[in-house]
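Undergrad: Got a predicted structure here, sequence first:
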Amino acid sequence: MTIPNGHLVLIGTTASGKSSLSLEVAKKRPILEILSMDSMAIYQGMNIGTATPTDEEQREIRHHLINIVKPTEEFSVSQFQEAANNSLMEIESRKQKALLVGGTGLHVRAVVDNLSIPGQFPEVKREIESQLDTTKLYKQLENLDPVAAKKMESTNRRRVVRALEVTLGSGKPFSQFGPGMDSYPPTPFTQIGLQLSREIIDKRISERYEQQITNGFLEEVETVMAKGLSRTAAPALGYKEFHSHLRGKCSLEEAIEKAVIATRRFARRQERWFRRDPRINWLEITEDPSEVLEEVLKIFDKANKS
């Protein structure tokens, strides 16, 4: 039996309210520091679009892995894993515990399961990217690693290129790295998932974009996109759609609609990803995530009984 390490992982789709709940939990348990598992919150100057905790919130509760690199810089999963592990050691050195708050499934699992992350093969990648037809690349992946191909959409060029890069560069199928994404071994981390209806999530996504526009998201997009986004920062939700509006390619209403649709699709993918993990303890929420605050505290306390 795996002994809990006392660290708590709070999982949920985008707009599920996990960030606000994590702050409430940390306020009730001062031993906790928040470790962001959001692959986009690491980028500086993208605070509105990534719903980064405010400066006041960060002063009140110590946060980690927020605003650590420029949006023009690439930051791989392996770099994220190393940074997260360093933060965990730092937190533990102060006799504190971590509240890992995440929506980026692969990054969460990289830390929770200490995944073996494949290396980088720049020359191989350049050759692969010279093929502009993503469909052809996907068919190549199907031939070389059908297991990996089945786990990604044929139109997701970034993932297809990465899987081919690793498979061709290492000589080993991408799907064979680590314990395998279909394997869920015992972990010392205690994981909690926030379960809201799709209707509530969809509503929250729409409302959040409206609020972000009010808070100055368009100005943030203009500033960030003027310098360009790295390959790893480019998937950030909303930036592409609102940049199109700023360049006169669509109205603001059309940009909001496109961003909302893309974000809802992303939330569905997150949901499917997390639902596959049988180790997550799901807590059902009717409307407000604070409904489960006491239950989360009980689970954390139980994991930290000496």
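TA: Thanks, I have it. Numbers count the residues shown, from 1 in each chain.

Undergrad: Please report the distance of residue 28 from residue 61.
TA: 11 Å (Cβ to Cβ, to the nearest Å). Where you see a C-beta, it was placed from the backbone N, CA and C, and this is true even at glycine.

Undergrad: Between those two, point out the one with more neighbours.
TA: Shown here are residue 28 and residue 61; by other Cβ atoms under 10 Å, residue 61 has more neighbours (17 against 13).

Undergrad: quick one: contacts for that one?
TA: 23, 26-27, 32-34, 53 (Cβ atoms under 8 Å, 6 or more residues apart in numbering).

Undergrad: pLDDT below threshold where in this structure?
TA: 178-181, 306 (pLDDT under 70).

Undergrad: in it, which residue is closest to the centre?
TA: residue 104 (1.9 Å; Cα atoms, centre = their mean).

Undergrad: Which among the contacts of residue 61 count as buried?
TA: 23, 26, 32-34, 53 (16 or more other Cβ atoms under 10 Å).

Undergrad: And the helices in the stretch 51-200 of the chain, which stretches?
TA: For the stretch 51-200 of the chain, the helices defined by DSSP state H, counting those that start in this stretch occupy 55-60, 77-93, 105-112, 122-129, 134-144, 146-150, 157-170, 198-214.

Undergrad: From the contact counts, what lies against the shortest one?
TA: So the one you mean is helix 146-150. Applying 3 or more Cβ pairs under 8 Å, 6 or more residues apart in numbering; DSSP states H and E, we find helix 146-150 packed against helix 134-144, helix 157-170.

Undergrad: what about 7 Å?
TA: With contacts taken as 3 or more Cβ pairs under 7 Å, 6 or more residues apart in numbering; DSSP states H and E, helix 146-150 sits against helix 134-144.

Undergrad: quick one on the thing from earlier: now compare the buried ones among the contacts of residue 61 and name the two farthest from each other.
TA: Spatial extent of the buried ones among the contacts of residue 61 (Cβ to Cβ) is set by the pair 32 and 53 at 13.8 Å.

Undergrad: which among the buried ones among the contacts of residue 61 gets closest to residue 89?
TA: Closest to residue 89, out of all of those and judged by Cβ to Cβ, is residue 33, at 12.3 Å.

Undergrad: returning to what we had before: the buried ones among the contacts of residue 61 into CSV, with extra columns for secondary structure?
TA: As requested, the buried ones among the contacts of residue 61 are exported to CSV (DSSP: H, G, I helix; E, B strand; the rest coil):
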residue, secondary structure
23, helix
26, helix
32, strand
33, strand
34, strand
53, coil
